[in-house]
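[1] What shape does this take:
(chains A, B, C and D, ligands or ions: 4)
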Amino acid sequence: MKPDKLTAEEIYYLMVLGRQFEYAAKEHYMQGEISGFLHLDIGQEALSVAAMKAFEKGDVFSTYREHVMAMARGIEPKAVMAELFGKATGVSEGKGGSMHLFDPSHFFYGGDAIVGGHIPNAVGCAYARKFQGDLSGVMVVFGDGATNGGAFFESLNIASAQKLPLLFLCENNQYAIGTKITRVAPFETQSKKADPYMRTVDVDGMDALAVYEAVREAQHYIEEGHGPVFVEAMTCRYEGHSISDANTYRSEQEMTLCKQKDPIAKLKAQLLSEFGTTQAHIEALEAKARSAVDEAVAFASQSPEPPLEARFDHLFEEGGDHAL
Amino acid sequence: MKPDKLTAEEIYYLMVLGRQFEYAAKEHYMQGEISGFLHLDIGQEALSVAAMKAFEKGDVFSTYREHVMAMARGIEPKAVMAELFGKATGVSEGKGGSMHLFDPSHFFYGGDAIVGGHIPNAVGCAYARKFQGDLSGVMVVFGDGATNGGAFFESLNIASAQKLPLLFLCENNQYAIGTKITRVAPFETQSKKADPYMRTVDVDGMDALAVYEAVREAQHYIEEGHGPVFVEAMTCRYEGHSISDANTYRSEQEMTLCKQKDPIAKLKAQLLSEFGTTQAHIEALEAKARSAVDEAVAFASQSPEPPLEARFDHLFEEGGDHAL
Amino acid sequence: MLYREALNKALDETMAMDGNVVVLGEDVGLYGGSYRVTEGLVAKYGEARLIDTPIAELSIVGNAVGMAIGGLCPVAEIMTANFALLAFDQIINHMAKLHYMSAGKITLPMVVRFPQGVSKQLAAQHSESYEQMLAAVPGLVVLAASDVNYAYHALKYAILRDDPVIFIEHELLYNKKGEVDLNADIDPLKARIVKEGKDVTIVSYLKMVDDVMKAIPAIEEKLGISCEVIDLCSLNPVDYATLEASLKKTGRIVMVEEDHKTGGYGAQIVSWAAEEMFYSLDAPPLRIAGEDIPVPYNRQLELASIPTPDSITAQIVAWGEKHGA
Amino acid sequence: MLYREALNKALDETMAMDGNVVVLGEDVGLYGGSYRVTEGLVAKYGEARLIDTPIAELSIVGNAVGMAIGGLCPVAEIMTANFALLAFDQIINHMAKLHYMSAGKITLPMVVRFPQGVSKQLAAQHSESYEQMLAAVPGLVVLAASDVNYAYHALKYAILRDDPVIFIEHELLYNKKGEVDLNADIDPLKARIVKEGKDVTIVSYLKMVDDVMKAIPAIEEKLGISCEVIDLCSLNPVDYATLEASLKKTGRIVMVEEDHKTGGYGAQIVSWAAEEMFYSLDAPPLRIAGEDIPVPYNRQLELASIPTPDSITAQIVAWGEKHGA
Ligand SMILES: Cc1ncc(C[n+]2csc(CCOP(=O)(O)OP(=O)(O)O)c2C)c(N)n1
Ligand SMILES: Cc1ncc(C[n+]2csc(CCOP(=O)(O)OP(=O)(O)O)c2C)c(N)n1
Ligand SMILES: [Mg+2]
Ligand SMILES: [Mg+2]
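    Numbers count the residues shown, from 1 in each chain, chains lettered A, B, ... in the order given. Ligands and ions are numbered 1, 2, ... in the order given. Predicted coordinates:
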């Protein structure tokens, strides 16, 4: 199912927002207002945004490269930027940072900095949903590099054996930091690993409409009770792995090829030609995105630091006095 | 390649030896001379013995259910039984016990009590052998239950990506303790899991000649540099998981069906009909096996306990004074 | 009632009370648990609530975390402590940290249970203890059940509490007999004074509490003293108030644990005593613990490597004579 | 030379010396290591000896164990300590135990290296320390490199020794400058007296040694005393002889570590001092350590949660004033 015009335009808006957000984050990192690891999603926005929009009903578990997904999920850009700034107003109150955005009110459960570590968590959540009679499904997003780890494999097996309502979404940008996936796995396409266990779908991760369609269909299949699905999207990140990675392992030619397939340019063209969106409306969406980012930065920089004593909060939910 | 007559007879001898050994171990466990966990291999001897004989050239890593394999590998029954008795003359000097038999002089590296834990070790050893230009191969034996764990899956991927000289041998007895494999994995045949990564072969694990042939062919394929192979043998254990398991989860009917395919009876018939072995020679082999077991038990029970101070030995190989 | 039956009862009652409580682990369902702790529960609550898992400890804990996120109250069983090492990433990086890193947005009402310790000749890969590691992880509550009554009350508490709890059992305690006092007013985070005394405070937990109690008559007779025996019960948080009161009275502390001595759990307790109770101490603290070697298979070697009632007696008597207890 | 260059030099020289030495880990080859420790080595020794692995820490250590069995001398790099948790089964159940369980038939000449500790705002899943856990495992040698010279000599020693070694680095030390003294006669298992003094013994290791040294002038001035600073270097085995000699002189011990205080590594040292040096102690021991919380992202919160030169000074001065150092 293709997105309708409004949805397609919202996806466009969120993709532009995402990219602007990431560039702003980069800038403020350089200025020392953001620190730690910062993994930018630039180039991968089609995937991050369209998958979230297509999966609005279910739960989502993601990785450390999740700012754009968090926003596509409905978390305010302000709350995300403030988290990167480590502020009290951040979505994790400054405790988590870039890699640890959580908001159960948007059914978004991280933000996990252990490669593959969130996949078993998503499996467990899918179990809970099935147990509760809810087949909307859980989506777990991970990179190509995560598909070499035990956590991923155990999850394929369990999700398949239990027929869980789980969508595995592999963002295959072909690299884990500086290591090309084909040097450490026998395939280019990691869906091969899931083939024995479940339905697998390959989709062009630079094409937002295609991603939307694939994820909608996968969710539909899950809702019908068929069990898990594996969707793999080939994509490409424009920046280094994190902000401190000089990205020297990819040739200029490779980078050029990759950027030629820019997902934002592509969706823009599709909006104009297939959906009848006007150039003026596109510009309005872009302007709105820019101002949302400006607002987010202003909010983040003006927000207060958490008080020092806040570090002792949230170690435990309760002393246990309610129990028994 | 089928085994020649002498080899087939030796396999028969070792299978009978193995079974007698296991019954003796059970008896002496009941009498309190052996303790801890004791996992008997009764019913699975075709696999354990024929695979070892077919793989004489390479290295072997196995599980806690390894007495029979260790002996088929050439380790003296005495040294194995003495280890079960915890004696100083045991192959691991009483430190390891039933689950931890090691003898590098027979290229046998355990004996591991962590399900699947030895598989990455076998992968590393296969890397070392390839590095050394030796393609005889490494064989790693594990149960069906181990094929659900991360260690196994990571190993499939790495062995395949690196084209390692590694034979994965799955003893599929359909149960992990009391849990039937099909309740926790989506397949009956676990070779499906290896399908995307490497050549897979299914063989009747109750037929020693078939196992021999399959393992010989697999080793040949490995020696030619094609990378890893996965061999799965369907088999059946006659006893409980370990000596303390009452085996109540399998019906009488299931047990009867399983024992009808007895591998020793089968090989005996084949020896008589296909290899021209005489009944008298078979009886001689059986008598030899019985006396080897008697001797092993006598040796074990007469052997000394390790001195108490021996427990401080072998913590480290050396203080490091040779270094630099 | 047996210790394992008390655990079973705690599971049974919480499962009856709260439909969100589920149990997962290897052979916990149809098989009834390898130490029979979950026996009979699958018949009552069905396979969806007694989940037989594959042998994949990382997933057992990782799935439990996700189930808790999804609104269930999972109780995960790891068959033996050593296998929990496969799940340390999930226990330490996820279970212990998600509540904190999410500023409380994620809550993990879950329990991970396992038996540990030296049983009988199970060798080095099946005989270890990990409270040393897990009680040092911020974000985890770590309880250790040494007796039947505590096992029952503490496991119920652990299941009902909205935080991640590590619940440690001992392989040799499952058949221990005792009474469950349903009306007992037990705070599972409080230490238990097993025996009052005035000359020496002996601190212990899990199975060693029994071994200490067996040693007490000989110790008291030989040294002509009376010992106070404290079962810590909660290994994190620690009930230092109870320890402090006892030490103020006795001025002497002995820590008895089964795990390897170097860096063992008891180091924290003794170190606390040295820092916080320095001026109350009349003699050097004594740690009695397992030797710093992997646990050997041979029975004599195995027994020599861990504290026993006899070795506890011998060490405390020698120490008492030397330092005038 | 930088700390990371010293490590690189140790790898380079041992690889040149012994064709069986191989390095494996994520991005150690073509990329040169995420902290540049293995930079340039792949060009010299090729991809078969600088093995880029998939992100599979259990296999990284598990494969290294197997390589060692097969006759190689593997040096495994784990990118950050937290990920080593995924390999704890291989480290503790296999690497630490195979030599012992096989009665010496299997020998594992191997090293597992990783950086640990609080760097700058990497948050809870990237900021931990695990010497507390690993130095308590019998069968492992655990070294911690606080300076350039030691890093070089100790890593060579670790690689050449025929036993499994855990080699701990700190993320903030990689760019530390120093000299490598090729002729230095260093025993990597011996503690290093960084500064002599007579009134207080301050014990530390890894990055905290630098922070202690930064605090020393203020401490000595405010308390009017002189401090002896000891870098443990080897966390297991511990060079207790050096500690004993120092404590006999000073009668006072302060333990400084970055990790969470409860159950931290320092508990073992302080506990040892209380047990073995009781009659030499003139004041209660002091442990200065990280707080018992997961490490928060925010910089102010992060810094507040670990010892800094200022907080070390403040705590030692307050302690000294109270107990008359
Ligand atoms: C278990 C673990 N090992 C290593 C790392 C370090 N690390 C962080 S991201 C990364 C690469 C992940 O690659 P991929 O899964 O393809 O995701 P991508 O970054 O390309 O989105 C690595 C190795 C980690 N965070 N966790
Ligand atoms: C990591 C780990 N988890 C659990 C166990 C307990 N355990 C020992 S054997 C076993 C069943 C293994 O089944 P399978 O791999 O099929 O081998 P089989 O015993 O049938 O030969 C289990 C669960 C263990 N030893 N290691
Ligand atoms: Mg990638
Ligand atoms: Mg099996």
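[2] who are the neighbours in contact with C:Ala10?
    By Cβ atoms under 8 Å, 6 or more residues apart in numbering or on different chains, the residues touching C:Ala10 are C:Ala151, C:Tyr152, C:His153, C:Leu155, C:Lys156, C:Ile159. (Each C-beta comes from the backbone N, C-alpha and C, glycine too.)
[3] what's the spacing between the first one and C:Arg4?
    In other words, C:Ala151. C:Ala151 sits 8 Å away from C:Arg4, going by Cβ to Cβ, to the nearest Å.
[4] Which one's more surrounded, those two?
    Using other Cβ atoms under 10 Å in any protein chain shown as the criterion, C:Ala151 and C:Arg4 rank with C:Ala151 on top: 31 against 22.
[5] who touches the more buried one in this structure?
    C:Tyr3, C:Ala6, C:Leu7, C:Ala10, C:Ala145, C:Glu169.
[6] And the pLDDT at the nearest residue to it once chain neighbours are set aside?
    The spatial neighbour of C:Ala151 that comes closest, neighbours along the chain excluded (Cβ to Cβ, 6 or more residues apart in numbering or on different chains), is C:Ala145 at 4.0 Å. Listed pLDDT for C:Ala145 reads 98.
[7] So C:Ala145 is in contact with C:His153, correct?
    No. Here C:Ala145 does not reach C:His153: they are 9.3 Å apart, not a contact under Cβ atoms under 8 Å.
[8] These two: which is more packed in?
    The residue with more neighbours, out of C:Ala145 and C:His153, is C:Ala145; 29 against 24, by other Cβ under 10 Å.
[9] and the gap between the more buried one and chain B?
    From C:Ala145 across to chain B, the span is 23 Å (Cβ to the nearest Cβ, to the nearest Å).
[10] what's the answer for C:Ala318, then?
    Using Cβ to the nearest Cβ, C:Ala318 is found at 19 Å from chain B.
[11] May I ask which helix or strand of chain A has the lowest mean pLDDT?
    When each helix and strand of chain A is scored by mean pLDDT, DSSP states H and E, helix A:252-260 comes last, with a mean of 95.
[12] can you tell me if it touches chain D.
    No. Using Cβ under 8 Å from any Cβ of the partner chain, helix A:252-260 never reaches chain D; the gap is at least 14.4 Å.
[13] which element follows that helix toward the C-terminus?
    Sequence-wise, the next helix or strand downstream of helix A:252-260 (DSSP states H and E) is helix A:263-270.
[14] Which residues does that following helix contact?
    Under Cβ under 8 Å, 6+ apart, the answer for helix A:263-270 is A:8, A:11-12, A:15-16, A:19, A:43-47, A:205-209, A:282.
[15] Just the buried residues of these.
    For those, a burial check counting by 16 or more other Cβ atoms under 10 Å in any protein chain shown picks out A:8, A:11-12, A:15-16, A:19, A:43-47, A:205-209, A:282.
[16] Next, the angle from the least confident helix or strand of chain A to helix A:263-270.
    Angle of helix A:252-260 versus helix A:263-270, following axes from the mean of the first three to the mean of the last three Cα atoms, to 10 degrees, is 40 degrees.
[17] quick check, the helix or strand encompassing C:Ala273 touching chain D?
    Here C:Ala273 is covered by helix C:266-276, with elements defined by DSSP H and E. Yes. For helix C:266-276 and chain D, the contact criterion (Cβ under 8 Å from any Cβ) is met by C:Gly266, C:Ala267, C:Gln268, C:Val270, C:Ser271, C:Ala273, C:Ala274, C:Glu275, C:Glu276.
[18] which helices and strands does the helix or strand that comes right after that helix pack with?
    Using DSSP H and E, the helix or strand that directly follows helix C:266-276 along the chain is strand C:286-290. Contact here means 3 or more Cβ pairs under 8 Å, 6 or more residues apart in numbering or on different chains; DSSP states H and E; on that basis strand C:286-290 packs against strand C:253-260, helix C:266-276, helix C:309-323, helix D:266-276.
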